[in-house]
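Engineer: Quick one, fold the following:
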Amino acid sequence: MPTMLTKMVQTHGLKNGLRRFKEELIENRLFDIMNGVETSGIITHGSFFSLVKQMPSEGANWYQPTYASPLVKTFDAMKKLGLVQGKVLFIDLGVGKGKPCVIAAKAFRGSRIVGVDLSQELLDICRKNLAAFSSDVELLCADVRHVDYASLMKDYDTVIIHNKNSFDQTITGEVLRKIESAKGNKNVFYVYNNPVYKEVFGAREPLFALTGWHKNLKVNLYRV
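Structural biologist: Purely as a prediction, here's the structure:
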């Protein structure tokens, strides 16, 4: 912990470094303790790309856990806005250790949970983390560009896509277009966590948005 605090202060300065340390404890470490899961910890660039056997230039980003409270607030807003109807499918693109899936399984009881990731090792951790929260889980060790989204979505009324800035702009845009082509007349929503490449959504305004001093607190919700 002292090493983590030191690094955060060195990176963000004293005030924001202390804020980041506090958020790490509440949003990540406390979440894991309260839910009996293991999602915390950053897998750095070199370690992650070695894990997925990919070069950094190939478009995937390294693993960093999602903050819990922004997702909880976004899912609560979706329910209050009446956006979630019928059978629900939640798809996490770049699922990692599965924290967003745990939050979704708790928010949308009875929903189907699908996670996609290049790392089988991370998917194994994800499956273990989800065991207590959902029995309707499918984890795909695959490139998100090669997933058959139409097949995944065909039996569901509401589809929620989640992406925590897991890819570069090219892949983010390409996968969004695939989802648009596959959705038919379904209600499909895209939860873009840490929305770095908002331009891929063109002129669309988010249905709901969260802002904050740090990128991990920012979420945009779009209708696809």
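Engineer: Can you tell me who I161 pairs with across the strands?
Structural biologist: For I161, the beta-bridge partners are I91, Y190 (DSSP bridges).
Engineer: residue ranges with poor pLDDT in the protein?
Structural biologist: Low-confidence segments of the chain (pLDDT under 70): 1-2, 4-5, 8-9, 16, 44-60, 62.
Engineer: Swap in 50 and give it another go.
Structural biologist: Flagging of the chain using pLDDT under 50 yields the residue ranges 57.
Engineer: Where is the longest helix in it?
Structural biologist: helix 2-23 (DSSP state H).
Engineer: mind listing what's buried in the next helix or strand after that helix?
Structural biologist: Heading C-terminal from helix 2-23, the first helix or strand you meet, by DSSP states H and E, is helix 30-35. Of the residues in helix 30-35, F31, D32, N35 count as buried by neighbour count, 16 or more other C-beta atoms under 10 Å. C-betas here are computed from N, CA, C, even on glycine.
Engineer: quick one: the closest residue to the second one other than its chain neighbours and F31, what's the gap?
Structural biologist: Read it as D32. Setting aside the residues directly before and after it, D32 is nearest to S40 in space (C-beta to C-beta, 6 or more residues apart in numbering), at 5.3 Å. Noted for S40: a distance of 8 Å to F31, by C-beta to C-beta, to the nearest Å.
Engineer: Run through who's touching the host helix or strand of D76.
Structural biologist: If you go by DSSP H and E, D76 is part of helix 68-80. Helix 68-80 is contacted by residues 26-28, 31, 84, 99-100, 103-104, 107-108, 160, 162, 189, 191, 193, 208, 210, 212, 216-219, 221 when judged by C-beta atoms under 8 Å, 6 or more residues apart in numbering.
Engineer: ChimeraX command for the buried members of those residues?
Structural biologist: Buried residues within those, by 16+ other C-beta under 10 Å, are selected in ChimeraX with:
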select :27,28,31,84,99,100,103,104,107,108,160,162,189,191,193,208,210,216,217,218,219,221
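Engineer: residues in contact with G41?
Structural biologist: By C-beta under 8 Å, 6+ apart, G41 lies in contact with P65.
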